[in-house]
Each structure stands twice: as C-alpha cells, then as structure tokens.
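K.L.:
Fold the following for me, if possible:
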Amino acid sequence: MKKIATLGFVLITFASQAIWVTFSPVVSKVASQLNVSSTYVGFLAVLYPVFFLLLTIPSGMLLDRNFKFWLLFGALTTALGGMGRLLIPFSYSWLFFCQLLAAIGQPFLLNGFVPFASRLFERSRSSIIVILSLSMYLGTIFASATGYVLYTNYGLFTLILPSSIISFLGILILALGMYRYREQKQVTSSNINLSLVVTKKDLLLLGCILGLGVAAFDNLATWLEPALETVNLANAAGNSVAIAIIAGLAGIAITPSFVNKRNIRTYYIRSIVPLIAIFFAILAFYQAELEVYVLLGIAGFLMLPAYPIIMDWIGKFYSKDIQGSATGYVGLVSRAISVSLMFITPSFIYSAHSYFLLLTAIVAMAFIFSLALPNDKK
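P.N.:
This is a model prediction of the structure:
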C-alpha cells in the first residue's frame, strides 16, 4: 500500500505543478479566446506563489496535527481544481475558481514531502524525497513544453485535459494507498510546532539559502531572454534554460542520495554555491552562446539537487511531529525572498552585464549564509 500511496502522491504532485503553468506558454492566445486581457490570464499562475506564502505555515502545522487528513485535503483540492476546469473551460471566472482550489492544495502537497517520506519510508526517506521532487519539476516542465502544441493544434479543452486526468488518477490512487495508514502519534497543539521551528537557526539559514537559489533560477527562467537580447543572444535563452533544467533533473537523480548517505549536505552546499557564483560572474563579463549553454547547464546540474537535499535535512534532524511545520517555515522564508527578488530583477535587465552581476550577488549572499550552517556529519 505504501508504494501505491507513493504513486498517487507522485501523480497528484505532477498534476499540481502542471495546473500551475498550464496557460503560461499560450497566455495571449488564451486571453484572446476568453475575451480578457493577458494580465488576467497571467494572474492564474500568480495565484500559486501568493497562496503558498499565505498557507505554507498553516499547512505545515495542520499536516503535523493530522497528516493523512490534510495531505488528502491538499490532493482533493488539487484534483477538484484540475478536473473542474473541464466543466466550463471557456469561462475565465470558472477557471480562476478552479485555479484557486489547486493553489490552496499546493502547499499541503509540497510541505508533505518530508512527513510522507519519514512516516512511510523511514529507511529510504531520501530516495522518496528525490522521487517526489522530480515529479514536482517534471509537472512544470511537461506543461511548459507541451502547452503551445496542445493549444494550437487541439484547442483549450485539450490543453487542460492531461492535468485533469492525472489529477483524477492521483487522488484516487493516493486515497487507496493511504486508506490503511494510521497516525501513530498526533500533536495536539500546532502552536507548539511553530514555536519549536521558528527558533531554529538552521531552518532560517536553509530558508534563506533555498530562497536565494530559487530566486536565481526563477530569474533565469523569467528574465534571461531580455537580458541576452542586449548582446544579441536572445535566441539562446530558451535553449539554455531547457538545458539547465534537464541537467538539473539529472543532478536530482544522481546527487542527493550520494550526499545524504554520507551526511555531507553542508559541505555540498558550501562547495557548489561559490562555483555557481563564479559562473555568473564569468557571464557578466563575457557572453557567448556556447558559454551560456555550458555554464548554465552545469549550474542547473548543481543547483536543483539542493531542494531535495534541504528537505532531507529536515527529515534527518527533526522529529516526525514537527516536520510539516519545519518544511512550512523553510518554505515561507524561501518564497518571501525569491518573490521579492523577482520584482527587483527587471531594473537590471537593461544589460547582460548588470543582469549577471545581480545573479552573482544573489548567489554570493547564499554562500555567506551557508558559512553559518552547522555541520550535518553526525
């Protein structure tokens, strides 16, 4: 039953991320069909980070209090949002409501990675976190890569169909797999959970490091093209981000198990962060198409595995009773930083030099925080 639950969790996580960016590849086209502005269609994706900020702490605490119920709650709201879009697919108001449901579910799913792995697969916790992390990234990649083709060839209904089907299968399989799961111990006061995590220095540091890393990667995905346009390399932006993501997925499949088994999480973070900062610094002073591909590819391979490694840190050093709250706290700190920096970056895209210098500074700040991390080799 545990394997069935894992399959369901993988599917619903994949669907959640696909729902998030379903319309991103075809914003203007969907806006025209729905007779609304492109900004309104863009708001559908914005709901996800907004509600993650609002709900990451509450969802983590609720998962600690009754893990099974609130994990299934997150899966159910996600599935309702995904499947519901099929009912009235050409109504913007209805699509907004369905996106709202899925956005509410996302923090319960993402903050459930560590509690799920620790409760159901204590001996193979790290591997399960890696699998769930891969499903998270793959859902986003799937929607981004297939959205334009599905919409232009088959229309709006077909665009939203895959995530709807996968979310339906995900909730059914997850509910079946979790049917016999019984919580061995429940926490009666969520206030205790929060007080236990907000005072932990390592969680604050991990949140800052993760937030700065996510900010760097999100800025690459969002603002690389206009920055490279200033040096006539805009055509390299999409391909280089794709290479970075593919390399990052390979890194997730290979690196976390090696790092976590040897308890060298701190060493890994301190080693890769200055390397990535050096890559961005090189790009700030010299831009060439091959150089962009190679350096961003290596950066992706090194950077993306940091997420499951940080999640496994929580699984190793924090008891099952507070892992949801710990994950939620790290998520709050990281998302607050990454969202804030996303709004700052447009002021620096007037030249590739200033853009990559900003990314260098962001990653350098992460290195400073990493120096204060405790040694995890116990």
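
K.L.:
Residue 289 - how many residues pack around it?
P.N.:
When neighbours are counted by other Cβ atoms under 10 Å, residue 289 registers 14. Glycine gets a C-beta too; all of them are placed from N, C-alpha and C.

K.L.:
Please name the nearest non-neighbouring residue to it.
P.N.:
Distance criterion Cβ to Cβ, 6 or more residues apart in numbering; nearest residue to residue 289, sequence neighbours excluded, is residue 236 at 4.8 Å.

K.L.:
what's the spacing between the one you found and residue 291?
P.N.:
Residue 236 sits 10 Å away from residue 291, going by Cβ to Cβ, to the nearest Å.

K.L.:
The two: which has the busier surroundings?
P.N.:
The residue with more neighbours, out of residue 236 and residue 291, is residue 236; 22 against 16, by other Cβ under 10 Å.

K.L.:
For the more buried one, grab phi and psi.
P.N.:
The phi/psi pair for residue 236 (degrees, to the nearest 10) reads phi -90, psi -10.

K.L.:
who touches it in this structure?
P.N.:
Taking Cβ atoms under 8 Å, 6 or more residues apart in numbering as the contact definition, residue 236 lies against 228, 289, 292-293.

K.L.:
Show the low-confidence segments of the stretch 151-300 of the chain, by residue range.
P.N.:
Within the stretch 151-300 of the chain, the ranges that satisfy pLDDT under 70 run 183-193.

K.L.:
Would you mind listing the buried residues in stretch 284-299?
P.N.:
Using 16 or more other Cβ atoms under 10 Å as the test for burial, stretch 284-299 gives 284, 287, 291-293, 295-299.

K.L.:
Secondary structure for those - can I get that in JSON lines?
P.N.:
Below are the buried residues of stretch 284-299 laid out as JSON lines (DSSP: H, G, I helix; E, B strand; the rest coil):
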{"residue": "284", "secondary structure": "helix"}
{"residue": "287", "secondary structure": "coil"}
{"residue": "291", "secondary structure": "helix"}
{"residue": "292", "secondary structure": "helix"}
{"residue": "293", "secondary structure": "helix"}
{"residue": "295", "secondary structure": "helix"}
{"residue": "296", "secondary structure": "helix"}
{"residue": "297", "secondary structure": "helix"}
{"residue": "298", "secondary structure": "helix"}
{"residue": "299", "secondary structure": "helix"}
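
K.L.:
Perfect, that will be all.
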